[in-house]
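Asker: Got a predicted model here, sequence first, then my questions.
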Amino acid sequence: AAWLKDYRGTIVCDDYAGYTKLKKDNPNINLQRCFAHVRRRFMDIIKSVPESDMKDSYAAKIIEVIGKLFHLEAEYKRQKLTPREILKARNKTHPVIHKELEVLVFNAHFKPNSAIEGAINYTKKVWSELFTYMDSGYIEISNNIAERAVKPFVLNRKVFMTSGSYAGARYTTEIFSIIRTARINDINVSAYLEYVLDNIQFSPIETLLPYHPDILKRFKNT
């Protein structure tokens with residue numbers, strides 16, 4: 001909350017209440033609720049549906065419709081469309097899919113406390129903030145990029161727990177931060193880390209950061 005107190009823009013997120021509070025406290029924040037989290041609710045349901053019954057599964061129908069959105073988004077990236085071109089393409093094709101999904105979600109009536117009802121209710125709850133991405137070609141429809149970025153931390157939780165000391169854990173997170181920052185800046189991580197380890201005792205820290213202009217030029221992957 002402190003970090004984003006002056007933020008103006010959109011946060012792509014799930015339904016965690018903390019994000020709702022951020023928006024409440026800062027009117028300059030918009031939320032784009034994650035379509036992947038919505039889809040996951042229905043994916044969990046069809047895991048137990050036999051293949052022979054899949055065509056009659058209501059959850060499968062909703063997944064199919066949401067899948068159309070993800071397919072289109074993947075196509076935009078494959079075609080390397082600019083944000084302006086993405087927004088134009090979305091306005092042309094997405095509204096029909098939105099309407100199709102709306103009919104499935106709001107015309108559904110299922111047994112109380114059932115898994116499908118829970119998934120439907122979750123979708124209804126975030127519905128008003130599921131389509132913020134229609135305002136900008138920069139906004140993603142899911143927070144998969146962020147989740148992939150933090151996946152190494154999730155996989156290494158036990159490593160962090162056995163760091164042996166607070167200092168060890170802190171150094172580990174600093175190394176992870178350097179690696180992720182290097183990747184974001186399209187820097188060759190191995191070459192950069194080799195440079196850091198060879199020069200860190202001789203250089204001020206600001207000259208070793210990935211966003212320093214001289215480092216960018218030296219280690220740019222492209």
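Answerer: Received the coordinates, thanks.
Asker: I figured Gln32 hits Asp14, correct?
Answerer: No. Judged on C-beta atoms under 8 Å, Gln32 makes no contact with Asp14 at a distance of 10.5 Å. For the C-beta atoms, the positions are set from N, CA and C on the backbone; glycine is no exception.
Asker: the more surrounded of those two?
Answerer: Gln32 (23 against 17; other C-beta atoms under 10 Å).
Asker: Which secondary structure element is home to the more buried one?
Answerer: Here Gln32, judged by DSSP states H and E, is contained in strand 29-33.
Asker: Okay, now the unreliable bits of this structure?
Answerer: Low-confidence segments of the chain (pLDDT under 70): 163, 202-222.
Asker: show me where it has helices.
Answerer: 17-25, 35-46, 58-78, 83-106, 115-126, 144-155, 157-161, 166-184, 189-199, 213-219 (DSSP state H).
Asker: Now mean neighbour count too, for the ones you listed, in TSV please.
Answerer: Converted to TSV, those look like this (neighbours: other C-beta atoms under 10 Å):
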stretch	mean neighbour count
helix 17-25	12
helix 35-46	19
helix 58-78	16
helix 83-106	15
helix 115-126	17
helix 144-155	11
helix 157-161	10
helix 166-184	14
helix 189-199	14
helix 213-219	13
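Asker: Quick one: those helices as CSV, columns for distance to Tyr133 too.
Answerer: Shown next, in CSV, are the helices of the chain (distance: least, C-beta to C-beta, whole Å):
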stretch, distance to Tyr133
helix 17-25, 15
helix 35-46, 9
helix 58-78, 9
helix 83-106, 7
helix 115-126, 13
helix 144-155, 13
helix 157-161, 31
helix 166-184, 21
helix 189-199, 30
helix 213-219, 30
